[in-house]
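Student: no sequence on this one, just coordinates:
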Ligand SMILES: Nc1ncnc2c1ncn2[C@@H]1O[C@H](COP(=O)(O)OP(=O)(O)O)[C@@H](O)[C@H]1O
Ligand SMILES: [Mg+2]
């Protein structure tokens with residue numbers, strides 16, 4: 001890991017070009033909060049700092065789970081949840097800052113993704129909750145949140161947003177190359193030889209596997225892919241799962257966490273269901289790969305799904321292209337999404353684009369995010 005370049009921040013005519021930024025991600029897996037520090041000028045990344053992941057206690061996770069999938073037209077009913085979510089993020093920021101040996105005044109901005117409760121881009125609705133003003137006040141650092149609204153208001157899907165960051169990281173790589181983030185939903189960024197990008201959600205990530213395992217065993221995930229690896233893929237069920245119009249749809253496109261109906265696996269053994277859902281995640285990526293302009297030289301995987309060997313083996317089988325965790329390039333696959341929101345927060349402060357016609361379908365490159373000062 002690169003060391004934090006404190007004291008070497010680049011300045012031009014007294015104006016700081018690089019900023020120290022923290023990104024906060026709480027994804028649809030509902031596993032907890034990831035927080036990471038980077039130093040960036042909003043273009044390249046000059047240093048990677050610490051990261052921490054703090055799991056949600058089961059009670060709060062369940063509270064969030066109950067709220068998923070409903071379009072909360074009236075957020076006043078869930079104010080107490082939003083406040084708790086925000087204060088949990090504040091605690092994570094404080095822990096990260098102190099573990100990095102920093103003080104709040106050394107951090108320029110915090111990118112606060114918030115929790116997606118509902119995502120319906122066809123109807124121009126995407127809802128991430130989290131109180132940016134309360135977070136800024138509690139941590140004493142400027143906060144950028146609400147990254148997705150401007151995109152959906154301007155014809156975009158509102159997702160995925162990490163591609164701008166993937167493209168920045170891909171500068172040093174042989175291209176075309178693909179990033180695959182396997183969170184609750186999975187999304188890819190394909191970076192062309194000239195640095196252009198195509199990005200979209202590929203299909204399910206971990207959420208269906210997590211839900212299946214939770215329903216049958218009460219566990220939070222298929223740890224190490226052990227259930228999937230001891231089961232058999234039910235090919236008929238897999239074919240039914242893949243027979244969904246989403247996979248043929250041209251990109252840009254994005255998905256809600258619960259877009260897929262898992263009826264085909266109901267009735268399978270726990271192991272076979274886990275194997276089949278894991279194969280579904282992997283095979284959906286192969287469907288997505290068929291839509292790409294050219295085959296990537298390799299796939300670099302980030303997000304929790306890369307810890308599941310069944311999913312990784314499935315990717316290698318269905319893609320027939322090298323598939324590696326992003327660690328092979330020296331990056332931290334558990335921090336990458338959080339780092340992306342640190343990067344996007346700096347871009348937002350500088351009025352730079354967060355999304356593009358090729359990534360979200362926005363009508364033109366768009367900035368976004370809302371700034372809150374302490
Ligand atoms: N050791 C592991 N074995 C199997 N699956 C894992 C492991 N670690 C993490 N995961 C999966 O990754 C998920 C968390 O991934 P994450 O990238 O944080 O997703 P999100 O962005 O949706 O929160 C977990 O819910 C689980 O499904
Ligand atoms: Mg997570």
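Tutor: Yep, that arrived. On a predicted model such as this, the values are computed, not experimentally measured, just so you know. Ligands and ions are numbered 1, 2, ... in the order given.

Student: tell me the contacts of the nearest residue to residue 360 once chain neighbours are set aside?
Tutor: Among residues not flanking residue 360 along the chain, residue 156 sits closest, at 3.6 Å (C-beta to C-beta, 6 or more residues apart in numbering). (C-beta placed from N, C-alpha, C; glycine too.) By C-beta atoms under 8 Å, 6 or more residues apart in numbering, the residues touching residue 156 are 121, 252, 355, 360-363, 366.

Student: of the residues you listed - the most surrounded one?
Tutor: residue 355 (31 neighbours; other C-beta atoms under 10 Å).

Student: the residue nearest the centre of the chain and residue 33: what is the separation?
Tutor: Nearest residue to the geometric centre of the chain (C-alpha atoms, centre = their mean): residue 337, 4.8 Å. Residue 337 sits 11 Å away from residue 33, going by C-beta to C-beta, to the nearest Å.

Student: hang on, residue 39 in a strand?
Tutor: Yes - membership of residue 39 in a strand is supported by DSSP: H, G, I helix; E, B strand; the rest coil.

Student: distance of the residue lying closest to it once chain neighbours are set aside from residue 360?
Tutor: Take residue 39 and drop its neighbours on the chain: the residue closest to it by C-beta to C-beta, 6+ apart is residue 47, 4.1 Å away. Distance of residue 47 to residue 360, given as C-beta to C-beta: 28 Å.

Student: domain ranges for this structure, per the record?
Tutor: 11-157+363-372, 163-321 (automatic domain parsing).

Student: need the residues touching each of residue 337 and residue 33.
Tutor: By C-beta under 8 Å, 6+ apart, the residues touching both residue 337 and residue 33 are residue 25.

Student: what's the strand or helix carrying residue 96 packed up against?
Tutor: Of the helices and strands defined by DSSP states H and E, residue 96 is found in helix 79-99. Packing partners of helix 79-99 (3 or more C-beta pairs under 8 Å, 6 or more residues apart in numbering; DSSP states H and E): strand 19-26, strand 32-40, strand 45-55, helix 58-67, strand 109-120, strand 125-129, helix 132-139.

Student: first vs last residue of stretch 156-173, how far apart are they?
Tutor: End-to-end span of stretch 156-173 (C-alpha to C-alpha, to the nearest Å): 28 Å.

Student: ok, it near ligand 1 or not?
Tutor: No - Stretch 156-173 lies out of reach of ligand 1 by C-beta under 6 Å from any ligand atom, never closer than 10.1 Å.

Student: buried set for that stretch?
Tutor: 156-170 (16 or more other C-beta atoms under 10 Å).

Student: and if you look at stretch 311-321?
Tutor: For stretch 311-321, using 16+ other C-beta under 10 Å, the buried residues are 311-315, 318-319.

Student: got the end-to-end distance for stretch 231-245?
Tutor: End residues of stretch 231-245 are separated by 27 Å (C-alpha to C-alpha).

Student: and that stretch, how far out from the chain middle?
Tutor: Computed by C-alpha atoms, centre = their mean, to the nearest Å, the chain-centroid distance of stretch 231-245 equals 25 Å.

Student: for stretch 338-353, same thing?
Tutor: That offset, for stretch 338-353, works out to 14 Å (C-alpha atoms, centre = their mean).

Student: neighbouring contacts of stretch 207-221?
Tutor: 28-29, 31, 184-185, 206, 222, 227-228, 257-258, 260, 262, 265, 270, 273-274, 277-278, 280-281, 304, 308, 311.

Student: tell me which parts of the stretch 51-200 of the chain are close to ligand 2?
Tutor: Contact residues (C-beta under 5 Å from the ion) of the stretch 51-200 of the chain with ligand 2: there are none.

Student: I'd like to know how far whichever residue of the stretch 51-200 of the chain sits closest to ligand 2 sits from ligand 1.
Tutor: Proximity of the stretch 51-200 of the chain to ligand 2 (C-beta to the ion) peaks at residue 183, 6.1 Å away. As judged by C-beta to the nearest ligand atom, to the nearest Å, residue 183 and ligand 1 stand 3 Å apart.

Student: so that residue sits against residue 338, correct?
Tutor: No - counting by C-beta atoms under 8 Å, residue 183 sits too far from residue 338 to count as a contact (11.3 Å).

Student: secondary structure class for the residue nearest to residue 360?
Tutor: Once three-state DSSP is applied, residue 156 turns out coil.

Student: just to revisit the earlier point, between the domains of the chain, which one is nearest to residue 328?
Tutor: Residue 328 sits nearest to domain 163-321 of all the domains of the chain, at 7.2 Å, using C-beta to C-beta.

Student: what about the closest one, how long is it end to end?
Tutor: Domain 163-321: ends 21 Å apart by C-alpha to C-alpha.

Student: could you measure from residue 294 over to ligand 1?
Tutor: 27 Å.

Student: ok, now which ones touch that residue?
Tutor: Applying C-beta under 8 Å, 6+ apart, the residues near residue 294 are 176, 192.

Student: what's the distance between it and residue 245?
Tutor: Taken as C-beta to C-beta, the span from residue 294 to residue 245 is 25 Å.

Student: where do the strands sit along the stretch 101-250 of the chain?
Tutor: Listed in chain order, the strands of the stretch 101-250 of the chain (DSSP state E, counting those that start in this stretch) span 109-120, 125-129, 143-145, 177-182, 185-191, 197-204.

Student: could you give the angle of the second one to helix 58-67?
Tutor: Going back to what we said before, that points to strand 125-129. Angle between the axes of strand 125-129 and helix 58-67 is 160 degrees (criterion: axes from the mean of the first three to the mean of the last three C-alpha atoms, to 10 degrees).

Student: repeat for the first one
Tutor: Between the direction of strand 109-120 and that of helix 58-67, the angle (the same axes, to 10 degrees) works out to 50 degrees.
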